[in-house]
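[1] Predicted structure and sequence below. I'll ask about it afterward.
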Amino acid sequence: MSTITELGSLPLAGTKKGVISISNVTEPYGKDTADIVSIGVSLNGKDIQWKSHLPYENLDDIIAILQKASDSKKEA
């Protein structure tokens, strides 16, 4: 059975009530499946409109790509 543990949240830029929430999900796809990081986006602060499930094995590469994206916007 899946267990969701919130790791943190932050306000969604450009919205009045929006929130980005980041959680760990154990056994997301059934018994003995590996934990994942879930990133949820809520425009109203309650109902999640978008969600991404990211394997922990991919996090370093995802973070590197996101950092490149952030750096390129700062330079522009």
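    Yes, it's here.
[2] Would you map the helices across this protein?
    With DSSP state H, the ranges of helices along the chain come out as 59-75.
[3] What segments of it are strands?
    Secondary structure of the chain (DSSP state E): strands at 3-11, 19-26, 36-42, 48-55.
[4] just those: most buried one?
    Among the strands of the chain, strand 36-42 has the highest mean neighbour count (mean count of other CB atoms under 10 Å), at a mean of 19. No exception for glycine: its C-beta is placed from N, CA and C like everyone else's.
[5] Need the contact partners of that strand.
    Here strand 36-42 makes contact (CB atoms under 8 Å, 6 or more residues apart in numbering) with 4, 7, 12, 18-25, 28, 48-56, 59.
[6] Let's have the strands of the chain in JSON lines, adding mean pLDDT and distance to L66.
    Listed next are those as JSON lines, based on pLDDT from 0 to 100; distance: least, CB to CB, whole Å:
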{"stretch": "strand 3-11", "mean pLDDT": "97", "distance to L66": "14"}
{"stretch": "strand 19-26", "mean pLDDT": "98", "distance to L66": "13"}
{"stretch": "strand 36-42", "mean pLDDT": "98", "distance to L66": "11"}
{"stretch": "strand 48-55", "mean pLDDT": "97", "distance to L66": "11"}
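[7] will you turn those into a markdown table that also has distance to A76?
    Putting the strands of the chain into a markdown table (distance: least, CB to CB, whole Å) gives the following:
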| stretch | distance to A76 |
| --- | --- |
| strand 3-11 | 23 |
| strand 19-26 | 22 |
| strand 36-42 | 24 |
| strand 48-55 | 25 |
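[8] Sweet, I'm off.
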